[in-house]
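# With the sequence up front, the predicted model follows.
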Amino acid sequence: MRLLFGSCFTLLIAAAIGLGATWLTLTRGIAFGALTIGAWTAWPKSGSADIDPYARAMIARTGELPTGIGDGIAFYAHTDDSAHAFDGRCTFVISGITPTARYWTVTLYTPEGRLVANAIDRHGFTSEEIVRDGDGRFTITVAPLARPGNWLPTGGIEQFVLVWRLYDTAIGVATRTAKEGPMPAITRKGC
Amino acid sequence: MVRAVLWILAAVLLGGIVHLSTVLATPQAAKQDAYSRLAPLTPVNAMVSLTPAKAGAEIMPLMDPAFAAAVCRYDLTTGPLKLMAPVSQAYTSVTFYTRKSVAYYAINDRAAGRRAIELDLMTAAQHAQVPEDEEVTAADRLIIESPTAMGLIVVRALAPEPSLMPNVRQALAAATCRVQPAQ
C-alpha cells in the first residue's frame, strides 16, 4: 500500500516538474549561446545546424524560420537599456551606431512575432532609407503618435519586441564582446 | 523519513527525464511549424513567391517585411535539385532549412560572387554517386548536402526602400528550383 502510494506520488510530481519545466523554457524562449549587447540579445547558433534542442523546440512551436548564420544575425530587444519593458503607449528613442554590416533592418513586432497594423504602413526601417544627421548618426522614435524624423509607430499595443537584423556581417558565433558589435542605445522618453 | 527523501529524489530525477524527452519530442509533434504552414501554399520542388508580409496576414511569424521571399519546398527522393536565384541590386540570400526548420546552410550574393546564385542540392547518398571527374570539371558548381530528404529553400531579396519592392519581387520571380534528370 505504501509502495503504491509512494510511486503514484512520485510519478505525479515527476510529471509536474517535467512538463512545467518544458512549458516554462519554451514560452520564455530559453536557448544556449546567447550574445547580449546592451538591451539586445542574439542566438547566433540558432541559425546553424548547431542549434540546441531548446531553440529547436521553440522554432517548431512558433513556426518561424530563423535567420541563417551565412545570411545574417537577428538581435531581439524586449526592454530599453534601463530594463523598462517595451510598452506601445510610451515613447522610446533608439540612437547610436551599429556593427559593421552590408545592410541592417529594424522591425517592430507583437510578442508573438506579428506585424502591427498602422496608417502609414511602416513596420521598420532599413539602413538605406533611414534619415541621418550630418555626422551619419540616426535617431529612431518609437511612439504611438506621429513624430518628426524616423517615426516607428507602435499602434498603441501593450507590449512589443524590436528585432535588429544585420545582413552580411562578421558578427556571429565568434563574437564575444560589445566592442566588436556596438548596438544602438534605447532610452524611454516618457509615457 | 529516509524513504520520503528517496521518493522525492526519484520524482525529481524522473521529472528531469520527462522534461528532456518532451523538449526533444516537441519538433516531431509540432503541427504549426514553418513547413506545415507552407505545405498548403507551395507545390513540391518548385519556386513560389510568398505574398508580402502584411499585418494580420503573415504566413510565418518574425518575417522581415523589408524582404521579398520565395520558397522551394523540396523532396530529394526523386533526384538532386538545381537551384537558381537571380541576384538583386541590393542584397540576396539563400537559406536551406531541414523539415524541422533547422537552418543548416545559408549563403548571400557576395559569397556566391556571380550574377546569379546557382547551387545543387542533394542528399549525402546522391553526392556519393556523383562521378569524381564530373565534380572536377564542374568545380564552379556549388554542391550542398541536405541532411534530410525533405526541407525548405528560402530565397530572400532586400528592398532597401518600400518603393523598390515591386521591382525586387519581379526580379525574384525568375528564381527556379528543379529536379535534375536522373543520370
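Looks like it arrived, so ask away.
# Buried residues, the lowest-mean-pLDDT helix or strand in chain A. List them.
Lowest on mean pLDDT, DSSP states H and E among the helices and strands of chain A sits helix A:2-28, with a mean of 84. Neighbour-count burial for helix A:2-28, with 16 or more other Cβ atoms under 10 Å in any protein chain shown as criterion, is recorded at A:6, A:10, A:13-14, A:17-18, A:21-22, A:25-26. Glycine gets a C-beta too; all of them are placed from N, C-alpha and C.
# do that helix and chain B meet?
Yes: with Cβ under 8 Å from any Cβ of the partner chain as the criterion, chain B is reached by helix A:2-28 at A:6, A:9-11, A:13-19, A:21-22, A:25-26.
# Output the buried residues of helix A:2-28 as CSV; include the columns distance to A:Val161.
Shown next, in CSV, are the buried residues of helix A:2-28 (distance: Cβ to Cβ, whole Å):
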residue, distance to A:Val161
A:Gly6, 46
A:Thr10, 40
A:Ile13, 35
A:Ala14, 34
A:Ile17, 30
A:Gly18, 29
A:Ala21, 24
A:Thr22, 23
A:Thr25, 18
A:Leu26, 17
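# Once you drop chain neighbours, what's closest to B:Thr148?
B:Thr98 (4.6 Å; Cβ to Cβ, 6 or more residues apart in numbering or on different chains).
# Run through the bridge partners of the one you found.
For B:Thr98, the beta-bridge partners are B:Gly151 (DSSP bridges).
# residues in contact with it?
Neighbouring residues of B:Thr98 by Cβ atoms under 8 Å, 6 or more residues apart in numbering or on different chains: B:104, B:146-148, B:150-151.
# In what element of secondary structure is the residue most central in space within chain A found?
By Cα atoms, centre = their mean, the mean C-alpha position of chain A lies nearest to A:Tyr76, the distance being 1.7 Å. A:Tyr76 is part of strand A:72-77, with elements assigned from DSSP states H and E.
# Now do the buried residues in the next helix or strand after that strand.
Per DSSP H and E, the first helix or strand lying C-terminal to strand A:72-77 is strand A:92-96. Residues of strand A:92-96 classed as buried by neighbour count (16+ other Cβ under 10 Å): A:92-94.
# And the residues you listed, which is closest to chain B?
Of all the buried residues of strand A:92-96, chain B sits closest to A:Ile94, with 16.5 Å by Cβ to the nearest Cβ.
# And that closest one, how far from A:Met183?
Separation of A:Ile94 from A:Met183 (Cβ to Cβ, to the nearest Å): 10 Å.
# go on, B:Ala128?
44 Å.
# So for those two, which residue has more residues nearby?
Using other Cβ atoms under 10 Å in any protein chain shown, the more surrounded residue of B:Ala128 and A:Met183 is A:Met183, with 24 against 9.
# Can you tell me the SS state at the more buried one?
coil (DSSP: H, G, I helix; E, B strand; the rest coil).
# hang on, it packs against A:Ala101?
No: if you go by Cβ atoms under 8 Å, A:Met183 and A:Ala101 don't touch, sitting 11.4 Å apart.
# Kindly report the domain assignment for chain B.
Per the record, chain B has its domains at B:1-30, B:34-179, by automatic domain parsing.
# A:Gly172 is nearest to which of those domains?
domain B:34-179 (11.2 Å; Cβ to Cβ).
# Straight-line length of that closest one, end to end?
Length of domain B:34-179, first residue to last, Cα to Cα, to the nearest Å: 22 Å.
# centre of the chain versus it, how much separation?
7 Å (Cα atoms, centre = their mean, to the nearest Å).
# Wait, B:Gln126 touches B:Gly79, no?
Yes: using Cβ under 8 Å, B:Gln126 is in contact with B:Gly79, at 7.4 Å.
# that older thread, which one of the residues of helix A:2-28 next to chain B sits closest to B:Ala39?
Closest to B:Ala39, out of all of these and judged by Cβ to Cβ, is A:Leu26, at 22.8 Å.
# In contact with that closest one, which residues?
A:54, A:57-58, A:61, B:23, B:26.
# how does it look with 7 Å?
A:57-58, A:61, B:26 (Cβ atoms under 7 Å, 6 or more residues apart in numbering or on different chains).
# Could you list the low-confidence segments of the chain?
Using chain A. A:176-179 (pLDDT under 70).
# actually chain B
Using pLDDT under 70, chain B drops low at B:133-140, B:182-183.
# which residue packs closest to residue 56, ignoring adjacent ones?
You didn't say which chain, so I picked chain A. B:Pro27 (5.4 Å).
# other chain: chain B
B:Gly56 sits nearest to A:Ala117 (Cβ to Cβ, 6+ apart), 6.1 Å away.
# measure that neighbour to A:Phe160 for me?
For A:Ala117 relative to A:Phe160 (Cβ to Cβ), the value is 13 Å.
# So the two - more neighbours on which side?
Set side by side, A:Ala117 and A:Phe160 show more neighbours around A:Phe160, with 21 against 13, by other Cβ under 10 Å.
# Going by neighbour count, which residues of stretch B:170-183 are buried?
Those would be B:171-172, B:175, B:177, B:179, for stretch B:170-183 by 16+ other Cβ under 10 Å.
# Could you do stretch B:40-54 as well?
By 16+ other Cβ under 10 Å, the buried positions in stretch B:40-54 come out as B:42, B:45, B:47-48, B:50, B:52-53.
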